[in-house]
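**Q** Pasting a predicted model and its sequence here:
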Amino acid sequence: MIHLNLSMALIPLFVLTFWTIGCVKSCGNQQTKINGRCCDMCPPGTYVEEFCSESQQTACKACPEGHFSQLHNIFDRCEKCQTCQHYAVKCKSTTNATCSCADGFLCSNSICSTCVEDKCVTGERLKRTVVSSNARVIEYSYECEAICGEKEYFDVQKNGCTPLTQCSVLGFPEKFSGNRTHNSICDRPDHKPMLAVPTNISDFHLPKEESGLQFVQDGSKESHSCELESIILR
């Protein structure tokens, strides 16, 4: 009975001893096991020039220009930098390049390595279609389609679609049929405004010489009134 209790007491000690040995044999941080040895990994911006051996640790070398490594690694070469038509961020030894497109242009693929002109105008919206795709890049194509229906135009001030004026319904011939951004123009006959005859002499805004008025110099109110009446009657 005593022998059994002693055996049970030794089991946790054996497990603890095994776990401690296991921890000692595991590799440290930023290391990996190669051929039973814990070898240092190369830091970002470098690659493995020579793997570790009994006599030396891993030998690392800086990435050449146009290449990068973003993480600790055991690779024998660096990755090639992404080339862009327009760069948002240029490539460094530790980070890849990021591509973008200038104003008025669109990414032709998911990594934006090339750009195409945005040819859509007011009254049109952009439609993107996936042309092809693989594990790394998705290719796009674009086309422009009308925002409004066939008998509508895009009103810029209202920022929405408005029905085109139907000149034939109003009984007028059409001068301009309208398009995606402008309304129709009807050929309406000119309406000349009626001329209003002024009832007061003060309504005439003409110089004294053009009005034909000649004032009497003697200051007589009666002579002045007669002269005005004579002109109005003419």
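**A** Received, thanks.

**Q** Every contact and neighbour count from this point should use C-alpha atoms.
**A** OK.

**Q** Pick out the residue closest to the middle of this structure.
**A** Nearest to the geometric centre of the chain sits Asp103, at 7.8 Å (CA atoms, centre = their mean).

**Q** Quickly note the distance from it to Lys151.
**A** 32 Å (CA to CA, to the nearest Å).

**Q** Next: Thr114.
**A** Thr114 sits 37 Å away from Lys151 when distances are taken as CA to CA.

**Q** higher neighbour count, those two?
**A** Set side by side, Thr114 and Lys151 give different neighbour counts by other CA atoms under 10 Å, the larger being at Thr114 (18 against 15).

**Q** got a list of what the more buried one touches?
**A** 84-86, 101, 107-108 (CA atoms under 8 Å, 6 or more residues apart in numbering).

**Q** Any of the residues you listed buried? List them.
**A** Buried subset of those (neighbour count, 16 or more other CA atoms under 10 Å): 84, 86, 101, 107-108.

**Q** so where's this structure shaky on pLDDT?
**A** In the predicted model, the chain carries pLDDT under 70 at residues 1-25, 190-234.

**Q** switch the cut-off to 50
**A** Confidence mapping of the chain against pLDDT under 50 gives the ranges 1-24, 191-234.

**Q** nearest residue to Gln166 other than its sequence neighbours?
**A** Excluding the flanking residues, the one nearest Gln166 by CA to CA, 6 or more residues apart in numbering is Ser184, at 7.4 Å.

**Q** Tell me the spacing between that neighbour and Ser69.
**A** Following CA to CA, the distance that separates Ser184 from Ser69 is 61 Å.

**Q** Compare those two (neighbour count), which wins?
**A** Neighbours per residue, other CA under 10 Å: of Ser184 and Ser69, the larger number sits with Ser69, 25 against 18.

**Q** my read: the more buried one touches Cys42, true?
**A** No: counting by CA atoms under 8 Å, no contact exists between Ser69 and Cys42, whose distance comes to 9.4 Å.

**Q** what's the overlap in contacts for these two?
**A** Counting by CA under 8 Å, 6+ apart, Ser69 and Cys42 have no common neighbour.

**Q** what's Leu170 sitting at in phi/psi?
**A** Geometry field for Leu170 lists phi and psi as phi -80, psi -10, criterion degrees, to the nearest 10.

**Q** ah, wrong one, I meant His86
**A** Backbone torsions of His86, given as degrees, to the nearest 10, read phi -140, psi 120.

**Q** and it, what does it touch?
**A** By CA under 8 Å, 6+ apart, the contact set of His86 is 99-102, 113-114.

**Q** a helix runs through Cys39, doesn't it?
**A** No: read with DSSP: H, G, I helix; E, B strand; the rest coil, Cys39 is strand and lies in no helix.

**Q** ok, what's across the strand from it?
**A** The residues listed as beta-bridge partners of Cys39 by DSSP bridges are Thr32.

**Q** need the contact list for it.
**A** With contacts defined as CA under 8 Å, 6+ apart, Cys39 is in contact with 27, 31-33, 51-52, 57-58.

**Q** Kindly report the same for Glu79.
**A** Contact partners of Glu79, counting by CA under 8 Å, 6+ apart, are 67-69.

**Q** Tell me the spacing between it and Ser132.
**A** Glu79 is 24 Å from Ser132, by CA to CA.
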